[in-house]
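Peer 1: Task: produce atomic coordinates for the following.
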Amino acid sequence: MGDMFRSEEMALCQMFIQPEAAYTSVSELGETGCVQFRDLNVNVNAFQRKFVTEVRRCDELERKIRYIETEIKKDGIVLPDIQDDIPRAPNPREIIDLEAHLEKTESEMIELAQNEVNMKSNYLELTELRKVLENTQGFFSDQEVLNLDSTNRAGGLTELRKVLENTQGFFSDQEVLNLDSTNRAGGVDEATAQHRGRLGFVAGVINRERVFGFERMLWRISRGNVFLKRSDLDEPLNDPATGHPIYKTVFVAFFQGEQLKNRIKKVCAGFHASLYPCPSSHNEREEMVRNVRTRLEDLKLVLSQTEDHRSRVLATVSKNLPSWSIMVKKMKAIYHTLNLFNMDVTKKCLIGECWVPTKDLPIVQKALSDGSAAVGSTIPSFLNVIETNEQPPTFNRTNKFTRGFQNLIDAYGVASYRECNPALYTCITFPFLFAVMFGDLGHGLILVLFGAWMVLSEKKLARIRNGGEIWNIFFGGRYIILLMGLFACYTGFVYNDIFSKSMNVFGSRWVNNYNSSTVLSNPSLQLPPNSSAQGVYPFGLDPVWQLADNKIIFLNSFKMKLSIIFGVLHMVFGVCMSVVNFTHFKRPASIILEFVPQILFLLLLFGYMVFMMFFKWFSYNAKTSFQPETPGCAPSVLIMFINMMLFKNTPPPKGCNEFMFEAQPELQKVFVLIGLCCIPWMLLGKPLYIKFTRKNKSHVSLAEGETPLPTGFSEESSPAGGAHGHDDEPMSEIYIHQAIHTIEYVLSTISHTASYLRLWALSLAHAQLSEVLWNMVLSLGLKMSGVGGAIGLFLIFGAWCLFTLAILVLMEGLSAFLHTLRLHWVEFMSKFYEGLGYTFQPFSFKAILDGEEEE
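Peer 2: Numbers count the residues shown, from 1 in each chain. Reported below is the predicted structural model:
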């Protein structure tokens, strides 16, 4: 039963495994997930270990799986979810077949991908050629053949006039005819054309974003002697390698001269423009377009068949790919773990060391025997528990309910080995203190509904992989949210507060004794409790306080006292928990020298203040006739506490008593003196005890042949639980260390008590924000009438719901959560919790797979 309150008891074990059974044995241990291995080859380079070849082999398999998975996702194929049927680690012989299958699949995918890229590149080139031929139709007239001669001497002005008339469709009136003729595949002999001075052109396509720079460059290199016509393609083309859309522009550049032709080609190459042959004859262009379209149709058919074949291959592989991925990851984890083992001198046995919870030792032994039986090994594996002075790891066994609370504690610091675990008590104190600050029945019900939805649908919601970090935090703390909502409903019922309104469930115990005329003529009336109060409201606050003008004054006093009461009780509980640690670690001296003065100091001062609050509530009554016991004579507990600490007196009002009972002044002096005596008790008690025990140990004579016990096993320096060892420290450091702890405890007792006033402050702020939101938003809609009022109320109600969820539930809830977390970390856990341990991280396939999915 002690394991419910503290971490599991751990054992350092040494296991001896035969090499042929090592793989299956470690595989069985990975399935159990209850062994943390230690590295016995710290000084050996990672690349020089025994199983580094197998690890590299697994890395290569993972690379192939990642490549195939990328191709599958590229085609939009959904991989099956195998959470309910996770395969076990494969046999080393089975992995040979898997390796061959992955190799074949990868080679086929690479070949298909390369062929597809090549065919898509050809398809892109043919498409661009078709676009060039189609878009240049507007640059040429239907019947003309570009056969212009700008230097024909015999033609004279008549030939020049004909040239200008024939080119009117694609030259403006102001353009200068200084073009060079070139044609890559137009069918005209280039040498002859240059000799005759004919015009030529270059056609192609270029990326749309490079067109303007391309035009400027052509203008500069030709000094304005190149005429460029372009047309943007309406539909984008697809990149054959990436599949991204590319927007391009068809251009035709007219020029004259061989030198200018070479310059234009260099510019086109520099701007990555693709040049294509374009006949100048209309008939030739039409014939070429028909041929290109035919080739495009054939290529499209081949591409479609290739895509179908690729899809079939990927669909077949996708059914088994998740299982293969898990199998390879498990195999890689096994070989990584085997690299932590050490080979004995005979090379016939693998030796490993590991931490194991003592409760799981039978499970580990069974896993080792199953691993040996799986390969038919005749020599069984051994597991020996060895003694050690090393501090074991901390392992708190949790379930889906307690895991969230344990994470809150571990975020502060992992508990020392076998130290008292605060998570068990946090399951109740955390949601309760949150609810004190978040007390509203309506807002608590919202949290209950949200938490209950996540709890009831946790199996379905747990399958969500891409919910984001915020969703993972909410889902991981679903039970915390549910309990916070339930406790908030309880405190909201105590405060009688639901969306800033009260409920008259049991009927108010206050009665109005005034007549109608008095009520109507006086804007405010006072209800004296001696005549108007007819008993006590059965549960929580009376709803009549919702209408009272002094509601805030009354609630401030009530909640302030409650916060101090809960705070002192919480701190007293934390100090008492230190006794549990001292008893477990067999440190009885610490109980006398640390716990007793601490608890006396806390109870005699602040516990006494809490007692006076209850005594004041019970002693003073409005219905009594004895004046010193009337509410008007009730002294202030805060002023009384200050006078107690300063040994001062405050004159009471006439007819009243300064103290609540006769022996109170003497009792207060005794409490203060005892509390002051506790300070040197805490300051000097432990150092003097250590000094005294050291002297006794130094005078102990050893028998002949007897060796002294190691200092690590002494009572005051026990390594268990992270206890502070003092045997190696000089006395000066011990005195300084204890002085710091004493000053910290005395000052923190005062500051921590005041820190619990945040319970009152946040509760008041939450109630006032809720009331402001009701009065300034929703009440406006409730005052409207008619059809317009109904529409207005609908809209205002939506705004009120939005503000309620965003401000009062999310923002105020987060604020209350953080303040509650601080109260547990600082005010509560600092009284007994050290948190100097390190987490138990077992070799578990489940943890490995879950960790990779989160990444």
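Peer 1: Residue 739: neighbour count?
Peer 2: 14 (other C-beta atoms under 10 Å). Just so you know, the C-beta spots here come from the backbone N, C-alpha and C atoms, and that holds for glycine as well.
Peer 1: excluding its backbone neighbours, what's nearest it?
Peer 2: Leaving aside its chain neighbours, residue 739 sits nearest to residue 683 (6.1 Å; criterion: C-beta to C-beta, 6 or more residues apart in numbering).
Peer 1: For the one you found, give me its contacts.
Peer 2: By C-beta atoms under 8 Å, 6 or more residues apart in numbering, the residues touching residue 683 are 738-739, 742.
Peer 1: Following the chain onward from the helix or strand containing it, which element is next?
Peer 2: Using DSSP states H and E, the element containing residue 683 is helix 664-698. Of the helices and strands lying after helix 664-698 in sequence (DSSP H and E), the nearest is helix 731-755.
Peer 1: List the buried residues in the next helix or strand along the chain from that following helix.
Peer 2: Sequence order places helix 758-773 as the next helix or strand after helix 731-755, per DSSP H and E. Neighbour counts over helix 758-773 (16 or more other C-beta atoms under 10 Å) mark 758-760, 762-764, 766-767, 769-771, 773 as buried.
Peer 1: so what pLDDT did residue 34 get?
Peer 2: Per-residue confidence at residue 34 stands at 91 (pLDDT).
Peer 1: Using the three-state scheme, assign residue 229.
Peer 2: Using DSSP: H, G, I helix; E, B strand; the rest coil as the criterion, the local structure at residue 229 reads strand.
Peer 1: On the strand side of things, show who it bridges to.
Peer 2: Residues in a beta bridge with residue 229, per DSSP bridges, are residue 252.
Peer 1: Now pLDDT and distance to residue 852 too, for the contacts of residue 683, in JSON lines please.
Peer 2: Below are the contacts of residue 683 laid out as JSON lines (pLDDT from 0 to 100; distance: C-beta to C-beta, whole Å):
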{"residue": "738", "pLDDT": "92", "distance to residue 852": "48"}
{"residue": "739", "pLDDT": "94", "distance to residue 852": "50"}
{"residue": "742", "pLDDT": "94", "distance to residue 852": "49"}
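Peer 1: Can you redo those as a markdown table, where the extra columns are distance to residue 545?
Peer 2: Shown next, in a markdown table, are those (distance: C-beta to C-beta, whole Å):
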| residue | distance to residue 545 |
| --- | --- |
| 738 | 50 |
| 739 | 49 |
| 742 | 45 |
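Peer 1: tell me the phi and psi of the closest residue to residue 529 other than its chain neighbours?
Peer 2: Counting by C-beta to C-beta, 6+ apart, residue 529 lies nearest to residue 622, which is 4.1 Å off, once chain neighbours are set aside. Main-chain torsions, residue 622, degrees, to the nearest 10: phi -70, psi -20.
Peer 1: Just list the residues touching residue 622, thanks.
Peer 2: Contact analysis of residue 622 by C-beta under 8 Å, 6+ apart lists 528-530, 533, 630-631.
Peer 1: any idea which of those residues is closest to residue 419?
Peer 2: Taking C-beta to C-beta as the measure, residue 419 sits nearest to residue 631 out of those, at 48.1 Å.
Peer 1: Restrict stretch 805-813 to CA atoms and write it as PDB.
Peer 2: Provided in PDB are the C-alpha atoms of stretch 805-813 (Å, rounded to 0.1, in the frame of the first residue of the first chain):
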ATOM      1  CA  LEU A 805     -16.500  31.600 -22.700                       C
ATOM      2  CA  ALA A 806     -13.500  33.700 -23.800                       C
ATOM      3  CA  ILE A 807     -13.100  35.800 -20.600                       C
ATOM      4  CA  LEU A 808     -14.700  34.100 -17.700                       C
ATOM      5  CA  VAL A 809     -14.100  30.500 -18.600                       C
ATOM      6  CA  LEU A 810     -10.900  30.500 -20.700                       C
ATOM      7  CA  MET A 811      -9.000  33.500 -19.400                       C
ATOM      8  CA  GLU A 812     -10.200  33.400 -15.800                       C
ATOM      9  CA  GLY A 813     -10.000  29.600 -15.700                       C
END
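Peer 1: Which elements pack onto the helix or strand where residue 218 lies?
Peer 2: Using DSSP H and E, residue 218 maps to helix 211-222. For helix 211-222, the elements it packs on are strand 227-232, strand 248-255, helix 258-270, judged by 3 or more C-beta pairs under 8 Å, 6 or more residues apart in numbering; DSSP states H and E.
Peer 1: Tell me the one of the buried residues of helix 758-773 nearest residue 42?
Peer 2: Using C-beta to C-beta, residue 758 comes nearest to residue 42 of the buried residues of helix 758-773, at 48.0 Å.
Peer 1: Need the nearest residue in space to the closest one, chain neighbours excluded.
Peer 2: residue 819 (5.2 Å).
Peer 1: Is that neighbour in contact with residue 438, as I believe?
Peer 2: No - using C-beta atoms under 8 Å, residue 819 makes no contact with residue 438, being 10.0 Å away.
Peer 1: These two: which is more packed in?
Peer 2: For the pair residue 819 and residue 438, the greater number of neighbours falls to residue 438 (28 against 17), based on other C-beta under 10 Å.
Peer 1: mind pulling up the phi and psi values for that one?
Peer 2: Dihedral pair for residue 438: phi -120, psi 30, per degrees, to the nearest 10.
Peer 1: what's near enough to touch it?
Peer 2: Neighbours of residue 438 in contact, by C-beta under 8 Å, 6+ apart: 444, 484, 488, 491, 762-763, 766, 812-813, 816.
Peer 1: still on that earlier bit, how far off centre is the helix holding residue 218?
Peer 2: Put simply, helix 211-222 sits 54 Å off its chain's centre (C-alpha atoms, centre = their mean, to the nearest Å).
Peer 1: tell me which residues of that helix are tucked away?
Peer 2: 211, 214-215, 217-218, 222.
Peer 1: now do stretch 529-549
Peer 2: Result for stretch 529-549 [16+ other C-beta under 10 Å]: buried residues 532-533, 537, 540-546, 548.
Peer 1: tell me the mean pLDDT for it?
Peer 2: 85.
Peer 1: Likewise for stretch 487-500?
Peer 2: Averaged over stretch 487-500, pLDDT sits at 94.
Peer 1: got the CA positions of that stretch in CSV?
Peer 2: This file holds the C-alpha atoms of stretch 487-500, laid out as CSV (Å, rounded to 0.1, in the frame of the first residue of the first chain):
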residue,chain,number,x,y,z
PHE,A,487,-15.6,21.3,-7.6
ALA,A,488,-16.4,24.6,-9.2
CYS,A,489,-20.1,23.6,-9.3
TYR,A,490,-19.9,22.7,-5.6
THR,A,491,-18.3,26.0,-4.5
GLY,A,492,-20.7,27.9,-6.8
PHE,A,493,-23.5,26.2,-4.9
VAL,A,494,-21.9,27.3,-1.7
TYR,A,495,-21.5,30.9,-2.9
ASN,A,496,-25.0,30.6,-4.3
ASP,A,497,-23.7,32.1,-7.6
ILE,A,498,-24.8,31.0,-11.1
PHE,A,499,-23.8,33.5,-13.8
SER,A,500,-23.7,36.2,-11.1
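Peer 1: which residues are contacting it?
Peer 2: Outside stretch 487-500, the residues touching it (C-beta under 8 Å, 6+ apart) are 431-432, 434-436, 438-445, 447-448, 502-503, 539-543, 545-546, 763, 767, 770-771, 773-775, 804.
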